[in-house]
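Novice: Only the shape, not the letters, is given here:
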């Protein structure tokens with residue numbers, strides 16, 4: 001007999017993430033973050049292999065750009081977490097409000113914006129190349145989750161996908 005709060009019921013069995021999440025999404029995100037930070041720090045502050053553009057782009061321009069990036073990332077995190085946290089307490093439904101009305105993966109987009117923030121601050125080209133791989137990873141886990149949501153919510157999710165972009169917020 002399965003207990004009501006058993007991990008298996010909620011999709012937490014060994015090797016399986018929360019319902020609908022990629023099984024290696026969380027671990028992958030942690031590993032990618034640690035690798036990125038190590039490379040970014042080494043390139044930006046120690047070896048400076050690919051930060052040669054930094055002296056040619058005024059700091060005030062980079063600060064304006066990272067300010068905009070941080071405001072957007074903060075909105076996505078705040079709105080995305082609020083909606084998801086509220087949803088945990090109520091009955092499961094397709095979430096289409098808050099940040100989810102602008103982009104299908106606001107929390108993943110906020111994470112990507114964090115990486116972009118660091119890249120813009122030091123203009124590390126090696127980090128920019130690594131960012132491309134990070135984007136491919138996030139796009140893969142987003143696609144995985146979307147397949148699950150398509151099965152779970154059917155036509156409602158198909159209609160949502162047609163209206164809301166995966167990555168580029170619609171205003």
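Specialist: Everything's here; your move. Not measured: the values here are computed from a predicted model.
Novice: Next, residue 103: phi, psi?
Specialist: Backbone geometry at residue 103, expressed as degrees, to the nearest 10, gives phi -150, psi 140.
Novice: Tell me what it is bridged to.
Specialist: Beta-bridge pairing of residue 103 under DSSP bridges involves residue 165.
Novice: so what's it up against?
Specialist: 76, 109, 164, 165, 166, 167, 168, 169, 170 (Cβ atoms under 8 Å, 6 or more residues apart in numbering). (C-beta placed from N, C-alpha, C; glycine too.)
Novice: mind putting those in CSV, pLDDT and neighbour count included?
Specialist: Output for these, formatted as CSV (pLDDT from 0 to 100; neighbours: other Cβ atoms under 10 Å):
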residue, pLDDT, neighbour count
76, 94, 25
109, 97, 25
164, 96, 16
165, 96, 13
166, 97, 15
167, 97, 14
168, 94, 8
169, 84, 15
170, 73, 9
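Novice: could the residues you listed be laid out in a markdown table, adding distance to residue 25?
Specialist: Below are the contacts of residue 103 laid out as a markdown table (distance: Cβ to Cβ, whole Å):
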| residue | distance to residue 25 |
| --- | --- |
| 76 | 17 |
| 109 | 15 |
| 164 | 20 |
| 165 | 20 |
| 166 | 15 |
| 167 | 16 |
| 168 | 21 |
| 169 | 22 |
| 170 | 25 |
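Novice: quick one: buried residues of the host helix or strand of residue 68?
Specialist: Secondary structure assignment for residue 68, by DSSP states H and E: helix 59-89. By neighbour count with 16 or more other Cβ atoms under 10 Å, helix 59-89 contains the buried residues 66, 69, 72, 73, 75, 76, 77, 79, 80, 83.
Novice: Is there a neighbour count for residue 171? I'd like the number.
Specialist: When neighbours are defined as other Cβ atoms under 10 Å, residue 171 has 3 of them.
Novice: What does the pLDDT read for residue 18?
Specialist: Looking at residue 18, its pLDDT is 68.
Novice: What helices and strands are in contact with the least confident helix or strand in the chain by mean pLDDT?
Specialist: For the chain, counting by mean pLDDT, DSSP states H and E, helix 59-89 ranks last in confidence among helices and strands (a mean of 87). Under the contact definition 3 or more Cβ pairs under 8 Å, 6 or more residues apart in numbering; DSSP states H and E, helix 59-89 sits against helix 106-122.
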